[in-house]
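Chemist: For reference, the sequence and a predicted model appear below.
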Amino acid sequence: SESALSLFSFTSPPPLAAMYASVRPGALSRAVASATAAAAASRRQLHVGVAAAQIFKAPSRDIQFVLNDVLHAERHYKRLGKEEVNKELIANITEECAKLSEEVLAPLNASGDAEGCKYDPKTATVTTPKGFKEAYRAYAEGGWQGLSVPPEYGGQGLPLSLGLIKSEIVATANWSFGMYPGLSVGCMNTLTLHASEQQKKDYLPKLATGEWLGTMCLTEPQCGSDLGQVETKAIKQPDGSYKITGQKIFISAGEHDLTNNIVHIVLARAPGAPKGTRGISLFIVPKFLPQADGSLDKKQNVRCGNIEHKMGIKASATSVMLFDESTGFLIGEENNGLRYMFTFMNTARIGTAIQGVATSELAYQNSMPHALERRSMRSPSGVKDKDAVADRIFWHPDVRRMILTAKAFAEGGRCMLYNASLISDYMLAAKTPADVAKVDNDLGLQTPILKGFLTETSLEAASLAMQVWGGHGYIVGNGVEQIYRDARIGTMYEGTTGIQGMDLLGRKIILGGGWKTLGKFCFEILGFCKDRLVTDFKKNPHKSEALQQTAVTLQWLYLTASIMARAGFNKDLVGSAAVDYLNFSGYVTMGYWWLRMMHVAQKKLDADPTGPDADYLRSKVATGQFYFTYLQPRTKSLAKTMMANPAKMMKIREKEFTAYPQ
């Protein structure tokens, strides 16, 4: 009984380490205290039945296991020339962010959802929920926003992957809150890589301190993912600036009261530009124009027309932004905007993948305690809680299946995500176009898998968390239904799952030569499996999982080649296969990282079977075995459906879709 429980139990993080030197202790402590009080006041002002907070404990131990033991992050940072980044620093950042997120951000998640943002049409301004301004002040004063910004622009110059620790913990505690600083990270990355030196000096320091926040403005009423239809106009002025005119919609964090200025990164089209995506340019358009003396112009340069009323993420202001001859500044060269914007878009897509992991983690954390308390009937295998009227639902196999599914997706997705973050570290360190191209190829293949697969699986995890609660999961006040509502957008924004599938299979694999990068990755997987099956054959207890992973990896290569061969004479096949291919790719990729985690955990257990981490390590191995038994076999049906001929589906006429008897 106790051994079984240990496979599901949360692992308490180690004691708080000394704060990283560049995070300001006194300011952070005061800000956290103020924000904690504001969060408590916010909850008191809302109806008790509405503002029940979810359970949240930062997965600190698992983050450190992934980075330190599985991915060997210290070696990676030494190769980057970042010798100061070690296990101690990783622990410090993890624990300090956990403290802020657990004490300040998580308590605001439910109250922020209940209150939402408020738009004032008279002033065209947005008010965030109670407690958010104080929470953001604590976040900014802690130095979190500038972790990865170069020191010459006011940041700490740490690798991007360390910023992911912060992003994941904040996202799990309160995704709506995390969207405000999260979009700004993409803004800063875009400016760092593509803006002029003067533009960097003008904008990055304020963004790095969190005094300003940033957004990206792509979508218009007539176009979402098809950016070739962008109509926003950019007219060049004699002084080199541009007048931007147009409307952007669905702009996350487009307007708010957290900072005194918002820097919008905007796609627009100059006169005479080529049609389609080849004629798009990228601009910096601040809400208030900075003046030479460091002050802000009193005249508003961009206005918010309204905010959307949504199913979830209600504390995040999804804005309609109006540009009426707004002053903007060109980034790079005209007509290269989409190339520059992909830096922001890839950051945002990885950010959405973070939402996937965060959702699965929160679903697991909020379903497990209920399963340990709720009693219903007796276990199929016999009475477990003899002194009670019924057994806890934890003992029912189907409930375990649901909880372990969320756990497997959260922990497997975390490893996938942090591996990608280590690759992204080379993006800012790239010295030559060839270096940039290599990072783009490696990260480009993984980005659609991360975004598409991890958000789809997170929806399943959130739905299963509600299922564990039964009817109580459907009720506002228990906190579980909010997890699903907030997660639902994840498969849609930054490109739907269908768009991600087409990006992976069509643009990256078939048209972009990504099959070469895929081949290298598959041979990496096969090499690891070979070592487990040959070198470690006698002492490897996970041979069946290694064999299974070998088989699906080889099948991945075969299916890719088959689709590429058929795509030339069956144009619809790529579109009909794309989502199944993406999910197949996700299950194979996650399986690789689960195999690696199981291998590391088993080695540690063999070395110290009774150590303080023994239960955590056994849980890791058991969850991996569950993944290979119950989740990765889904690839069998995906392989069949992705290769199905879409001809019959495509022959259905439009009127046959709507032909109902009258």
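Modeler: Okay, I see it. Numbering: from 1, shown residues only.
Chemist: any idea how far the helix or strand hosting Leu422 is from the chain center?
Modeler: If you go by DSSP states H and E, Leu422 is part of helix 397-429. Taking the mean of its C-alpha atoms, helix 397-429 sits 10 Å from the chain's own mean (Cα atoms, centre = their mean, to the nearest Å).
Chemist: Could I get the average pLDDT for that helix?
Modeler: The average pLDDT within helix 397-429 is 94.
Chemist: Report the buried residues of that helix.
Modeler: Within helix 397-429, the residues that qualify as buried are 399-400, 402-428, counting by 16 or more other Cβ atoms under 10 Å. (C-beta placed from N, C-alpha, C; glycine too.)
Chemist: So which elements touch that helix?
Modeler: Applying 3 or more Cβ pairs under 8 Å, 6 or more residues apart in numbering; DSSP states H and E, we find helix 397-429 packed against helix 60-64, helix 73-79, helix 160-173, helix 175-194, helix 337-373, helix 433-469, helix 571-607, helix 614-626.
Chemist: so which of the ones you listed gets nearest Thr123?
Modeler: Set against Thr123 and scored by Cβ to Cβ, the helices and strands packed on helix 397-429 come closest in helix 175-194, at 19.5 Å.
Chemist: and the next helix or strand after the closest one with helix 175-194, angle?
Modeler: Next in sequence after helix 175-194, counting helices and strands by DSSP H and E, comes helix 197-209. With axes from the mean of the first three to the mean of the last three Cα atoms, to 10 degrees defining the directions, helix 197-209 sits at 160 degrees from helix 175-194.
Chemist: Pull the residues that contact helix 197-209.
Modeler: Helix 197-209 has contacts (Cβ atoms under 8 Å, 6 or more residues apart in numbering) with 140, 145-146, 149-150, 153-155, 184, 187-188, 191-192, 195, 212-214, 261, 263, 284, 286, 290, 329, 331.
Chemist: Would you pull up how far it lies from the middle of the chain?
Modeler: From the chain centre to the centre of helix 197-209 is a distance of 25 Å (Cα atoms, centre = their mean).
Chemist: how distant is stretch 574-592 from the center of its chain?
Modeler: Between the centre of stretch 574-592 and the centre of its chain there are 18 Å (Cα atoms, centre = their mean).
Chemist: So what's the gap between stretch 622-633 and the chain middle?
Modeler: 23 Å.
Chemist: whoops, I mixed them up, stretch 169-181
Modeler: Distance, stretch centre to chain centre, for stretch 169-181: 10 Å (Cα atoms, centre = their mean).
Chemist: give me the number of residues near Tyr558?
Modeler: 11 (other Cβ atoms under 10 Å).
Chemist: how close does it sit to Lys620?
Modeler: Tyr558 is 31 Å from Lys620, where distance means Cβ to Cβ, to the nearest Å.
Chemist: So what angle separates the directions of the helix holding Leu422 and helix 175-194?
Modeler: Interaxial angle of helix 397-429 relative to helix 175-194 (the same axes, to 10 degrees): 30 degrees.
Chemist: Thr553 is in contact with Ile525, isn't it?
Modeler: Yes - Thr553 is in contact with Ile525 according to Cβ atoms under 8 Å; the separation is 4.8 Å.
Chemist: Mind listing the shared neighbours of these two?
Modeler: By Cβ under 8 Å, 6+ apart, the residues touching both Thr553 and Ile525 are 588, 592.
Chemist: In contact with His542, which residues?
Modeler: For His542, the contacting residues are 532, 595, 598-599, 602, 621, 624-625, by Cβ under 8 Å, 6+ apart.
Chemist: Repeat that for Pro121.
Modeler: Per Cβ under 8 Å, 6+ apart, neighbours of Pro121: Asn306.
Chemist: hmm, back to that, keep only those of the contacts of helix 197-209 that are in helices.
Modeler: Here DSSP state H is the test, and those give 140, 184, 187-188, 191-192 as lying in helices.
Chemist: so can I have JSON lines of those showing distance to Thr125?
Modeler: Listed next are those as JSON lines, based on distance: Cβ to Cβ, whole Å:
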{"residue": "Ala140", "distance to Thr125": "20"}
{"residue": "Ser184", "distance to Thr125": "19"}
{"residue": "Cys187", "distance to Thr125": "20"}
{"residue": "Met188", "distance to Thr125": "24"}
{"residue": "Leu191", "distance to Thr125": "25"}
{"residue": "Thr192", "distance to Thr125": "29"}
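Chemist: tell me the two of those that are most distant?
Modeler: Using Cβ to Cβ, the pair of these lying farthest apart is Ala140 and Thr192, separated by 19.0 Å.
Chemist: residue ranges with poor pLDDT in the stretch 551-662 of the chain?
Modeler: Scanning the stretch 551-662 of the chain for pLDDT under 70 picks out 661-662.
Chemist: now swap in the stretch 251-400 of the chain and tell me
Modeler: For the stretch 251-400 of the chain, applying pLDDT under 70 flags the ranges 343-345, 347-348.
Chemist: where exactly do the strands run in it?
Modeler: 262-268, 281-286, 288-290, 296-300, 303-307, 318-330 (DSSP state E, counting those that start in this stretch).
Chemist: mind exporting the fourth one as CSV, just the C-alpha atoms?
Modeler: Taking C-alpha atoms only, strand 296-300 is exported to CSV below (Å, rounded to 0.1, in the frame of the first residue of the first chain):
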residue,chain,number,x,y,z
LEU,A,296,7.3,59.0,-22.7
ASP,A,297,5.2,61.0,-25.1
LYS,A,298,1.8,61.8,-23.4
LYS,A,299,-0.1,61.1,-26.7
GLN,A,300,-1.1,57.5,-27.1
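Chemist: any idea how far it is from the chain center?
Modeler: So, by Cα atoms, centre = their mean, the centroid of strand 296-300 is 34 Å from its chain's centroid.
Chemist: Repeat that for the shortest one.
Modeler: Remark: strand 288-290 is offset 31 Å from the chain centroid, using Cα atoms, centre = their mean.
Chemist: One more: the longest one?
Modeler: The chain centre lies 27 Å from the centre of strand 318-330; the measure is Cα atoms, centre = their mean.
Chemist: what is the orientation angle of it with helix 337-373?
Modeler: Going by the same axes, to 10 degrees, strand 318-330 makes 150 degrees with helix 337-373.
Chemist: Give me the sheet partners of strand 318-330 and which way each runs.
Modeler: According to DSSP bridges, strand 318-330 has the following sheet partners: strand 242-252 (antiparallel), strand 281-286 (antiparallel), strand 303-307 (antiparallel).
Chemist: quick one: contacts of the second one?
Modeler: Yep, that's strand 281-286 we're talking about. Residues outside strand 281-286 that contact it (Cβ under 8 Å, 6+ apart): 190-191, 194-195, 199, 203, 212, 217, 234, 242, 244, 261-270, 273, 301-302, 323, 326-338, 340-341.
Chemist: if we go to 7 Å?
Modeler: For strand 281-286, contacts defined as Cβ atoms under 7 Å, 6 or more residues apart in numbering pick out 199, 203, 234, 242, 244, 261, 263-270, 301-302, 323, 326, 328-332, 334-335, 337, 340-341.
Chemist: And for stretch 185-196?
Modeler: Contacts with stretch 185-196, where a contact means Cβ under 7 Å, 6+ apart, come from 149-150, 163, 199-200, 203-204, 207-208, 214-216, 263, 265, 331-332, 340, 343-344, 347-348, 428.
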